[in-house]
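# Just to be clear, the model below is a prediction. Sequence and coordinates:
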Amino acid sequence: MTQDVAPPLPKSSSNTKGCLIGCAIVALIGIAGTAIIGYSVYKMGVGALDAMTEAEPRPIPEVVMTEEESTAATEKFDGFKTALETGASEEKTFSFTGQEINTMLRADPDIRALGESVFVTIENGEVNGEISLNLGNVIPFLEGRYANGAATFSISASDGRMYVYVEEFRMKGENASSELQDQLRQQNLAEEMNTDPEFQQAMTHIDTIEVVEDKVVVTLK
């Protein structure tokens, strides 16, 4: 008996230069969401769209930061970007909260449309993302159908590569099938990014990426 496998994950067109952490998170949350939809259509036919997607977006939390906090977050990301581009920085450790990442996602013009569809929280060493994504932005024939759900990820980096795995995925308030979740847990969602030349160049300056309590901590070489 042939074992069913999920089709390849959709590719992301997001530009990772200058927003390594945030771009990776927002793109991967979107990729995981579209992968579930694609797999469901693949296995159960177009009728699965009604079961897995909705005709309207769901509200996701707003980013609540003071002007001073927002300015500080922007300055931190600018410093991080400069460190990645030049490979020269006196500061070797950068840490980012979920709110700081959310602020950057909404400020960066390259990913704002997708970034506004995602809300990131980091707690207890886990990265969680809520999503309300118009799937037409990724799969054109699904225009007007929304992936409304949430995901939990593990994120790390070593030896110049990033590793991002789905721990749990929920759509419309329900867990995805155990079969699909098992397959997603075995796939490094950052694998395509690891082959991008700009991403590879940025990663040459990074020693480790860890999720520590309520922050993503990046240590430079």
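Here it is on my side, so go on.

# which intervals of the protein have sub-threshold pLDDT?
Residues of the chain that meet the criterion pLDDT under 70 lie in 1-20, 22-48, 110-111, 113.

# Just give me the longest strand of the protein.
strand 146-158 (DSSP state E).

# Report all helices and strands that that strand contacts.
helix 20-44, strand 126-134, strand 161-171, strand 206-212 (3 or more C-beta pairs under 8 Å, 6 or more residues apart in numbering; DSSP states H and E). No exception for glycine: its C-beta is placed from N, CA and C like everyone else's.

# Pull out the buried positions in the third one.
Read that as strand 161-171. Across strand 161-171, burial judged by 16 or more other C-beta atoms under 10 Å covers 161-162, 164-166, 169-171.

# now stretch 115-129
Buried-residue list, stretch 115-129, by 16+ other C-beta under 10 Å: 115-122, 126-129.

# give the contact list for the residue nearest to residue 145 when sequence neighbours are not counted.
What sits nearest to residue 145 in space, not counting adjacent residues and going by C-beta to C-beta, 6 or more residues apart in numbering, is residue 53, at 4.2 Å. Going by C-beta atoms under 8 Å, 6 or more residues apart in numbering, residue 53 touches 37, 135, 142, 145-148, 171.

# how about the buried residues of stretch 115-129 in JSON lines, adding distance to residue 202?
Listed next are the buried residues of stretch 115-129 as JSON lines, based on distance: C-beta to C-beta, whole Å:
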{"residue": "115", "distance to residue 202": "19"}
{"residue": "116", "distance to residue 202": "24"}
{"residue": "117", "distance to residue 202": "24"}
{"residue": "118", "distance to residue 202": "21"}
{"residue": "119", "distance to residue 202": "25"}
{"residue": "120", "distance to residue 202": "20"}
{"residue": "121", "distance to residue 202": "25"}
{"residue": "122", "distance to residue 202": "21"}
{"residue": "126", "distance to residue 202": "24"}
{"residue": "127", "distance to residue 202": "19"}
{"residue": "128", "distance to residue 202": "24"}
{"residue": "129", "distance to residue 202": "21"}
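
# of all those residues, which comes closest to residue 190?
Nearest to residue 190 out of the buried residues of stretch 115-129 is residue 127 (C-beta to C-beta; 12.5 Å).

# Next one: that closest one from residue 136, what distance?
Noted for residue 127: a distance of 26 Å to residue 136, by C-beta to C-beta, to the nearest Å.

# before we move on, what about residue 214?
Residue 214 is 34 Å from residue 136, by C-beta to C-beta.

# do residue 190 as well
Taking C-beta to C-beta, one finds residue 190 at 24 Å from residue 136.

# try residue 202
30 Å.

# neighbour-wise, which of these two wins?
Set side by side, residue 202 and residue 136 show unequal neighbour counts under other C-beta atoms under 10 Å, the larger going to residue 202 at 22 against 13.

# quick one: which helix or strand includes that one?
Using DSSP states H and E, residue 202 sits in helix 197-203.

# All good on my end, thank you.
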